[in-house]
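1. Quick one, what's the 3D model for this:
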Amino acid sequence: MDQDLALPLPQKLANQLREGLIGGAFTPGQRLSEQALCDELDVSRNTLREAFRLLTKEGLLEHKANRGVFVTTPSIAAVIDIYRVRRMLECPALAHAYPNHPAAARMRAAVQSARAARQRLDWREVGSANMRFHTAIVELADSERLSGFYAQVSAELRLAFFLLDDPELLHAPYVDMNEAIISLLEQGRPAAAAASLETYLNQSERTILAALARRAAA
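-> So this is what the prediction gives:
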């Protein structure tokens, strides 16, 4: 991102790692090797540790004494809170959106990518396209602060997705729902699009919570 250019190196690195979490490069409970990441990203240990500290503060990583740094495993309570935040951010942004906003084109592109990935049965890419779709919804608000905050929420959400055993069940139904939402916005019906989004979020939350409850019972 262009705004990253003026940031201190640890913050840039934290942003890069967060994008990796959103993109599915890391999984819940995964131990992060300092040496491997330093070599891969060509940064010093001090810089990486500061980036780790920033992401730990966000709740995306956790430090375990004498064991190292691990990717956080979201709890059921965390998922409930994530969806509460999503409804507060995404629905108003969409309800007050301008149909020709540049972010609307990014929403449409994300849907097209998801549909193509669904045909290939590439559920990881379907999930990544879904993340891009919802990031673009928040971008409709034209607020860098909201978009920055939502990046953290997206990373936590992607980690929750990884806890489910059936990615097709998780992602497949929402490709068409995203299509319906962007179509309503393109038709100049943002309020209807926001109402559809709220239904979507409620259904998505129930799906994830039910899956996590089954996982805990097992």
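2. Mind jotting down where the helices sit in the chain?
-> Listed in chain order, the helices found in the chain under DSSP state H are 9-23, 34-41, 45-57, 76-95, 102-119, 123-139, 144-162, 167-186, 190-217.
3. so of those, which one's packed in deepest?
-> Using mean count of other CB atoms under 10 Å, the stretch among these with the largest mean neighbour count is helix 123-139, at a mean of 22. Placement of C-beta: from N, CA and C, glycine included.
4. contacting residues around Thr56?
-> 62-63, 69 (CB atoms under 8 Å, 6 or more residues apart in numbering).
5. now Gln152
-> Gln152 makes contact with 18, 58-60, according to CB under 8 Å, 6+ apart.
6. Determine which two of the residues you listed are furthest apart.
-> For these, the farthest-apart pair by CB to CB is Arg18 and Gly59; their separation is 11.4 Å.
7. what's the pLDDT at Pro167?
-> Looking at Pro167, its pLDDT is 79.
8. Excluding chain neighbours, give the residue nearest to it in space.
-> Trp123 (3.7 Å; CB to CB, 6 or more residues apart in numbering).
9. Could you do Leu37 as well?
-> If the residues on either side of it in the chain are set aside, Leu37 comes closest to Leu48, at 5.8 Å by CB to CB, 6+ apart.
10. And for Ser128?
-> Among residues not flanking Ser128 along the chain, Gly23 sits closest, at 5.6 Å (CB to CB, 6+ apart).
11. which residue is nearest the middle of the chain?
-> In the chain, the centroid-proximal residue (CA atoms, centre = their mean) is Ser154; its distance is 2.4 Å.
12. The spatially closest residue to that one that is not a sequence neighbour and Thr135: what is the separation?
-> Distances taken as CB to CB, 6+ apart put Ile22 closest to Ser154, at 4.9 Å, once the chain neighbours are dropped. From Ile22 over to Thr135 the distance is 8 Å, taken as CB to CB, to the nearest Å.
13. intersection of neighbour lists for these two?
-> 151, 154.
14. can you list the domains in the chain?
-> 2-71, 76-217 (automatic domain parsing).
15. among these, where is the model least confident on average?
-> Between these, the model is least confident about domain 2-71 (mean pLDDT), which shows a mean of 89.
16. Check the offset of that domain from the chain's centre.
-> Distance of domain 2-71 from its chain centroid, counting by CA atoms, centre = their mean, to the nearest Å, is 16 Å.
17. Could you do stretch 123-137 as well?
-> 7 Å.
18. State the number of residues packed around Pro28.
-> 16 (other CB atoms under 10 Å).
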